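Participant: sequence plus the predicted model coming up.
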Amino acid sequence: MPSALELQDPTSAAYKKAKRKYLKTTKNRPEQTDGDWTPFRSAEKKYKARFPPPDLSSVFDIAASDPERAEEISRGGWKGRVDAIDHRQINLDLGEGSSKRAYVFPAIPGLVLLPSFVSTEEQRGLVRWSLRDHARHPNETNLDTHYLLPREGLWNKYVDSEKGTSSEEEIQPRASLLDTTSLPGQDSGPRQLISNEPASKDNIVPLTATPKLPAPPSLSVKPSPVEAIIPKLRWANIGWYYHWGTKQYDFTRGKIEVSPVVSNICKRAVNAVPWSEVHGAVAESNDWAQDEHWSSWKDSYEPDAGIVNFYQTKDTLMAHVDRSEVCSTTPLVSISLGCAAVFLIGGLTRDVEPIPILLRSGDVVIMSGPQCRRAYHGVPRILEDTLPPQFDGRKENEEDSDWGLYEKYMRTTRINVNVRQVFPKGFDPGLGTSFTG
Ligand SMILES: O=C(O)CCC(=O)C(=O)O
Ligand SMILES: [Fe+2]
């Protein structure tokens, strides 16, 4: 595989080879015009492009001005610009006299970028937590639909099989439990229409009553060795269970407590932001819910749901709005780990031109307030060869010796821990659910 650096150098042999391949594969494609694309779609296409590699000079990259991140940036050669997007610096208050910088963007009031907010130790801890402790029962992952995952968790099984301490059994398809002779064809049933109506206090009871059937397991999945399944891990649920078929939370399944490993970092971030400087300077809109006002977040912010996203370098996340939470202005806290990515965020429709931000390991993004929390956003590109130095090798005194497996996995991975608040603190949705956390 040619490196990202080689592919960015038009004089390299790898670049010329990629160009020949690109010309050959695109030769008979009809000429495309971008006239019909929304501004959001055009931006996605620009950053997704494999050849020629996208120019990142319009991407906001605050690390580009930080000498401490010079080595990190040199890896992969991907670099944006500090002056690419209009921004304003604010100071975070971390208590005990310590402070850090954060950035806000006049184009998207309520968006806050906290670069390198998570320490390098915490980043390694969160990677371990995501894979070893979190992406397993009782938390749901994308793989549960199609595979019968080991009770000890897929990652732990992988580590044991690499260490030679477990037998190399294959992971069985979930469909092997079914009597397939009586199953209708998978595509033949009526499709459930998804209204994807934004959640609110007024419709939460009818939304909860919508039937939420489990997705059918694929019939074409074959038994596979554990190491072949690991790269297919795409998400693991946090807190309230999310039902992808209806794009609604399934409150009938109860709630798993958000791990303090994650919620403490999120609370630290929310408490450090001087919110009056973020939202106080913008004309007050009527879209703020009374009990979700920024002036009360120090007391009222309490995450109860979310997702851990696992991206391989070819994965993307299409433009979307997260609107299944009743809280529509409370902070959503998003932590980036591992490889860097281009993050796009625009407005309430795809017609608003998004701003591109380069997110690197340890960066935190907060989406808050009526103009940002329900803005379209997505991740069109994970940047190859960008694993930063803090993930290299095993650290002295590290709790166990298996870091090498995490490092190997992270070379081609970005993890995003995306944490939300569904209900205002103290709000009783009247669901009569049992709490399992
Ligand atoms: O990966 C990211 O930075 C964003 C993820 C996201 O938007 C989501 O999980 O809803
Ligand atoms: Fe999102």
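Facilitator: In hand now; what should we look at? Ligands and ions are numbered 1, 2, ... in the order given.

Participant: name the SS class of G378, please.
Facilitator: At G378 the chain is in strand, as set by DSSP: H, G, I helix; E, B strand; the rest coil.

Participant: just checking, it touches D322?
Facilitator: No - taking CB atoms under 8 Å as the definition, G378 is not a contact partner of D322, at 11.2 Å. In short, each C-beta sits where N, CA and C put it, glycine included.

Participant: need the residues of the stretch 301-437 of the chain near ligand 1, please.
Facilitator: I307, N309, L317, D322, S334, F343, H377, V379, N416, N418 (CB under 6 Å from any ligand atom).

Participant: what is the burial count for the nearest residue to N196 once chain neighbours are set aside?
Facilitator: Setting aside the residues directly before and after it, N196 is nearest to K247 in space (CB to CB, 6 or more residues apart in numbering), at 4.8 Å. Neighbour count of K247, defined by other CB atoms under 10 Å: 17.

Participant: same question for E6.
Facilitator: Burial measure for E6: 16 neighbouring residues, criterion other CB under 10 Å.

Participant: check R101 too.
Facilitator: If you count neighbours by other CB under 10 Å, R101 ends up with 15.

Participant: that's a strand at T165, yeah?
Facilitator: No - counting by three-state DSSP, T165 is not found in a strand; it is coil.

Participant: show the pLDDT at it.
Facilitator: Reading off the confidence values, T165 has pLDDT 81.

Participant: next one: S195
Facilitator: Predicted confidence (pLDDT) for S195: 61.

Participant: in contact with the residue nearest to N156 when sequence neighbours are not counted, which residues?
Facilitator: Spatial nearest neighbour of N156, chain neighbours left out: R132 (6.2 Å); criterion: CB to CB, 6+ apart. For R132, the contact set (CB atoms under 8 Å, 6 or more residues apart in numbering) comprises G153, W155, N156, V159.

Participant: in TSV: the residues of the stretch 301-437 of the chain next to ligand 1, plus secondary structure and pLDDT.
Facilitator: Shown next, in TSV, are these (DSSP: H, G, I helix; E, B strand; the rest coil; pLDDT from 0 to 100):
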residue	secondary structure	pLDDT
I307	strand	98
N309	strand	98
L317	strand	98
D322	coil	97
S334	strand	98
F343	strand	99
H377	strand	98
V379	strand	98
N416	strand	98
N418	strand	98
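
Participant: those residues: which two are farthest apart?
Facilitator: Greatest spatial distance in those: I307 and F343, 15.3 Å, computed using CB to CB.

Participant: so which of these two has more stuff around it?
Facilitator: A direct count of neighbours by other CB under 10 Å for I307 and F343 places F343 higher, at 26 against 20.

Participant: and that one, what does it touch?
Facilitator: Here F343 is in contact with P356, I357, L358, L359, V365, H377, G378, V379 (CB under 8 Å, 6+ apart).

Participant: which one of these sits closest to ligand 1?
Facilitator: V379 (4.7 Å; CB to the nearest ligand atom).

Participant: tell me how far stretch 293-313 is from the chain's mean position?
Facilitator: Centroid separation between stretch 293-313 and its chain, computed with CA atoms, centre = their mean, to the nearest Å, is 12 Å.

Participant: what comes up buried for stretch 38-48?
Facilitator: Neighbour counts using 16 or more other CB atoms under 10 Å place T38, P39, F40, R41, A43, E44, K46, Y47 of stretch 38-48 among the buried residues.

Participant: in three-state terms, label the third one for me.
Facilitator: When the structure is reduced to helix, strand and coil (three-state DSSP), F40 reads as helix.

Participant: which residue packs closest to it, ignoring adjacent ones?
Facilitator: In space, and not counting its chain neighbours, F40 is closest to R350: 4.0 Å by CB to CB, 6+ apart.

Participant: neighbouring contacts of stretch 67-87?
Facilitator: Contacts of stretch 67-87 (CB under 8 Å, 6+ apart): 3-5, 8, 56-65, 103-107, 116, 340, 355-358, 360-361, 383-389.

Participant: quick one on the thing from earlier: does the residue nearest to N156 count as helix, strand or coil?
Facilitator: Assigned with three-state DSSP, R132 falls in the helix class.

Participant: anything in the strand or helix carrying G125 near ligand 1?
Facilitator: Here G125, judged by DSSP states H and E, is contained in helix 120-128. No - judged by CB under 6 Å from any ligand atom, helix 120-128 and ligand 1 are separated, with a smallest distance of 13.8 Å.
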